[in-house]
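Asker: coords please:
(one chain, ligands or ions: 4)
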Amino acid sequence: MRLRQLFQPFMNFQVTNAENPDVVNITTDSREVEPGSLFVAIRGHTVDGHRFVGQAVERGAVAAMVEERVADVPEGVPQVIVPDTRHWSALIADRLFGRPSRELRVIGVTGTNGKTTVTHIVRHLLDASGKKAGLIGTVGAKLGSNTWPLPNTTPEAVEIHRLLRRFVDEGATHAVMEVSSHALVERRAAGVSFACAAFTNLTQDHLDFHGTMERYAAAKALLFSRLGNGIGDDPSRAVHAVINADDPYAPVMAEASAAPILTYGIDRDADVRAREVQLSASGARFAVQSPAGLLNIETPLIGRFNVYNTLAAVAIALVEGLAPADIEQAIRSYPSVPGRMERVDEGQPFSVFVDYAHTPDGLENVLAAVREFATQRVLVVVGCGGDRDRTKRPKMAEVAVRWSDLAIFTSDNPRSEDPLAILADMRAGVSERDAHKVFEEVDRRRAIELAVAEAKPGDVIVIAGKGHEDYQIIGAERRHFDDREEARRAIRARFGRD
Ligand SMILES: CC(=O)N[C@H]1[C@@H](OP(=O)(O)OP(=O)(O)OC[C@H]2O[C@@H](n3ccc(=O)[nH]c3=O)[C@H](O)[C@@H]2O)O[C@H](CO)[C@@H](O)[C@@H]1O[C@H](C)C(=O)N[C@@H](C)C(=O)N[C@H](CCC(=O)O)C(=O)O
Ligand SMILES: Nc1ncnc2c1ncn2[C@@H]1O[C@H](COP(=O)(O)OP(=O)(O)OP(=O)(O)O)[C@@H](O)[C@H]1O
Ligand SMILES: N[C@H](CCC[C@H](N)C(=O)O)C(=O)O
Ligand SMILES: [Mg+2]
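Answerer: Ligands and ions are numbered 1, 2, ... in the order given. Just a heads-up that it's a prediction; the model follows:
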């Protein structure tokens, strides 16, 4: 598409010359420019993309979108000057890729915890009902049997629109995506026409980025305030908000919503409500009252929090028109999410779970669930990420100690921080009375070995924080590290199978 045609529906931006090149691609990363690309310069948290316009042109960029004219760029290359390149990269990518989000139904899921789980269940329900759903989130992008790694839970705007185009071209009817609060603030989902937006819960995380819980909640609410924009009256484009009625922040999301709301929950009155919840070591059973009638749900997912995740998925499936019988059947066969309460079983006489709990609430939910069925001790291995919300560290430590018999504090992804300083932040959350329950081992591999060496028959070990991650970031180095592999190795070593 010609540059001017690409910008034509929008306001008249200043362009530095009269050239009108053919734009075949768009990118915000100079290293990914190919001939014919429009390069978008973004002022990031670490570097200013305007520095790379020259490099982008050398690699074949035919135009640049900038916030300020960049000097030393060849005269013949037009620079389009816009007020906010992050925002406009989204709207232009949407147009360049042919408005893909309008050719399928996009379901966005936001909330502190549960996004990955809910999106995976929804995708499974849609696929099992004969639809075809693409997935975008923490564990990557997926469509059918194809998977693509992603750098973030919610990739940047250009990548979202590119992925949606790929989904449409490969026959997808739906896209289910996690929409993080960072993404909402950074407008990574701008230009996406959502057919459904869902809210799981809001508890402490990311205060380094948002500052306060109020601002964090306001970021999440942006997903709901954008619902229904420009979709029109076509009934196949019906738009819905799906909200957890039991969460204290539900009213914030509901007030922001421009679309009809379907609530779900257990404790409060809700449109989709679980009754007679029975939890066990092998999952949960419950009935669901819904506008489509009564559903009998049996899920292999463990813990009350997963009842909420399952309810969210059921509510989304109902607004997407799936039949209750299909939902019931597909939930029963749901295979579980990688790295979420993932069992490591090498035939050892105790249980080992790897879980992605990396917030105080996530950790409490998981440990409370384990406590429900543990007959012996609960051992937890946990650390906190570096360069992330520091105020959650003592809280996670306190939760770990309160819900376990032995807590081994270790490193998560220390990133640029001193791992020992992170441990000290955690230690601040432990009272003197509980200090004897804590062991510190900065090396995560050794911490896992310790837990495995210490476990007695019937104990349960929870290795928390990294879930599906197959790396550890220490300083600037990202090396291969996988909690599941480490646990397996430690178990085999202890029982002499290696
Ligand atoms: C704070 C944050 O959100 N950072 C994200 C952001 O980085 P940034 O805007 O600061 O980018 P930057 O590195 O300063 O670079 C600025 C620009 O220069 C460009 N550049 C840079 C170098 C170069 O040689 N050439 C070039 O063109 C970059 O492509 C970029 O466009 O944009 C990058 C590109 O998309 C992301 O990879 C990066 O995520 C980092 C890795 C990150 O850790 N993000 C976390 C905080 C995050 O976003 N988390 C949320 C949710 C977590 C949750 O759900 O709990 C997520 O959605 O993942
Ligand atoms: N509904 C829930 N409420 C509280 N904790 C939960 C819930 N669902 C999952 N968890 C806990 O949080 C962890 C992360 O779950 P999940 O990956 O589904 O969340 P997420 O919102 O995608 O996280 P992220 O923000 O990192 O992408 C799980 O491993 C579990 O410990
Ligand atoms: N999406 C979360 C993941 C945290 C996972 C934990 N392993 C860490 O690295 O802190 C974040 O970016 O804060
Ligand atoms: Mg996630």
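
Asker: ligand 1 contacts on this structure?
Answerer: With Cβ under 6 Å from any ligand atom as the criterion, the chain meets ligand 1 at residues 28-31, 42, 44-47, 49, 52, 151-154, 156, 180, 182-183. Any C-beta I mention is one placed from the backbone N, CA and C, and that applies to glycine too.

Asker: which ones among those residues also lie next to ligand 2?
Answerer: When contact is defined as Cβ under 6 Å from any ligand atom, these meet ligand 2 at T153.

Asker: residues contacting L126?
Answerer: Residues near L126 by Cβ atoms under 8 Å, 6 or more residues apart in numbering: K132, A133, T173, H174, V176, A317, E320, L322.

Asker: check what pLDDT the closest residue to the last one other than its chain neighbours gets.
Answerer: Going back to what we said before, that points to L322. Spatially, and ignoring its direct neighbours in sequence, L322 is nearest to S129 (5.0 Å; Cβ to Cβ, 6 or more residues apart in numbering). The per-residue pLDDT reported for S129 equals 96.

Asker: near S129, how many other residues are there?
Answerer: 18 (other Cβ atoms under 10 Å).

Asker: right, and it touches P324 too?
Answerer: No: using Cβ atoms under 8 Å, S129 is not in contact with P324; the gap is 11.0 Å.

Asker: let me see the contact set for the residue lying closest to A41 once chain neighbours are set aside.
Answerer: Using Cβ to Cβ, 6+ apart and skipping the chain neighbours, the partner closest in space to A41 is G49 (3.9 Å). Applying Cβ under 8 Å, 6+ apart to G49 gives the contacts T28, S30, V40, A41, I42, R43, T85.

Asker: and what of S257?
Answerer: Counted by Cβ under 8 Å, 6+ apart, S257 has contacts A197, F224, S225, L227, A241, I243.

Asker: give the contact list for R415.
Answerer: Here R415 is in contact with G385, G386, D387, R388, I473, I474, G475 (Cβ under 8 Å, 6+ apart).

Asker: weed out the non-buried ones from the contacts of G49.
Answerer: With burial judged by 16 or more other Cβ atoms under 10 Å, the buried subset of these is T28, S30, V40, A41, I42, T85.

Asker: could you export these as TSV, including secondary structure and pLDDT?
Answerer: Listed next are the buried ones among the contacts of G49 as TSV, based on DSSP: H, G, I helix; E, B strand; the rest coil; pLDDT from 0 to 100:
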residue	secondary structure	pLDDT
T28	coil	97
S30	helix	97
V40	strand	98
A41	coil	98
I42	coil	97
T85	helix	96
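
Asker: alongside ligand 2, which residues does the protein contribute?
Answerer: Applying Cβ under 6 Å from any ligand atom, we find that the chain lies next to ligand 2 at 111, 113-117, 138, 153, 178, 200-201, 305, 308-309, 340, 355-357, 361-362, 365-366, 467.

Asker: any part of stretch 109-124 near ligand 4?
Answerer: Yes: on the criterion Cβ under 5 Å from the ion, stretch 109-124 is in touch with ligand 4 at K115, T116.

Asker: which of the contacts of S257 fall in strands?
Answerer: Assigned to strands by DSSP state E, the following of the contacts of S257 qualify: A197, A241, I243.

Asker: among the residues you listed, who's most crowded?
Answerer: Of all the ones in strands among the contacts of S257, the highest neighbour tally under other Cβ under 10 Å goes to A197, namely 32 neighbours.

Asker: tell me the contacts of that one?
Answerer: 107-110, 179, 223-224, 227, 240-242, 257, 259.

Asker: check what pLDDT it gets.
Answerer: At A197, the model reports a pLDDT of 96.

Asker: mind checking how far it is from D387?
Answerer: Separation of A197 from D387 (Cβ to Cβ, to the nearest Å): 29 Å.

Asker: three-state assignment of N413?
Answerer: Using DSSP: H, G, I helix; E, B strand; the rest coil, the structure places N413 in coil.

Asker: nearest residue to it in space, please, no chain neighbours.
Answerer: Leaving aside its sequence neighbours, N413 sits nearest to I473 (Cβ to Cβ, 6+ apart; 4.2 Å).

Asker: got a list of contacts for the helix or strand containing that neighbour?
Answerer: When elements are assigned from DSSP states H and E, I473 belongs to strand 471-474. Residues from elsewhere that reach strand 471-474 (Cβ under 8 Å, 6+ apart): G386, S411, N413, P414, R415, P419, R444, K466, R478, R479, H480, F481.

Asker: export the buried ones among the contacts of G49 as TSV, with columns for distance to S101.
Answerer: Below are the buried ones among the contacts of G49 laid out as TSV (distance: Cβ to Cβ, whole Å):
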residue	distance to S101
T28	19
S30	26
V40	19
A41	25
I42	21
T85	20
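
Asker: show me the two of those that sit farthest apart.
Answerer: Greatest spatial distance among these (Cβ to Cβ): S30 and T85, at 13.3 Å.

Asker: can you list the residues of the stretch 351-498 of the chain near ligand 4?
Answerer: Counting by Cβ under 5 Å from the ion, no residue of the stretch 351-498 of the chain is near ligand 4.

Asker: what ranges do the helices span in the stretch 351-498 of the chain?
Answerer: Counting by DSSP state H, counting those that start in this stretch, the segments of the stretch 351-498 of the chain that form helices are 360-373, 392-403, 419-427, 444-454, 483-494.

Asker: pick the most buried one from the ones you listed.
Answerer: helix 392-403 (a mean of 24; mean count of other Cβ atoms under 10 Å).

Asker: which other helices and strands does it contact?
Answerer: Packing partners of helix 392-403 (3 or more Cβ pairs under 8 Å, 6 or more residues apart in numbering; DSSP states H and E): helix 360-373, strand 378-382, strand 406-409, helix 419-427.

Asker: by pLDDT, rank the contacts of A197 and give me the bottom one.
Answerer: Lowest pLDDT of those: L227, 82.

Asker: may I have the secondary structure class of L318?
Answerer: Under the three-state scheme (three-state DSSP), L318 adopts helix.

Asker: I'd like the distance from it to ligand 3, if you could.
Answerer: Distance, L318 to ligand 3, by Cβ to the nearest ligand atom, to the nearest Å: 28 Å.

Asker: state the pLDDT value of that residue.
Answerer: The model's pLDDT for L318 equals 97.

Asker: right, and it touches Q289 too?
Answerer: No: with contact defined as Cβ under 8 Å, L318 does not reach Q289; the gap is 11.5 Å.

Asker: so which of the two has more stuff around it?
Answerer: Counted by other Cβ under 10 Å, L318 and Q289 do not tie: L318 has more neighbours, with 25 against 14.

Asker: ok, and the closest non-adjacent residue to that one?
Answerer: The shortest distance from L318 to any non-neighbouring residue, by Cβ to Cβ, 6+ apart, is to A292 (5.4 Å).

Asker: same check, this time on Y249
Answerer: L202 (4.1 Å).
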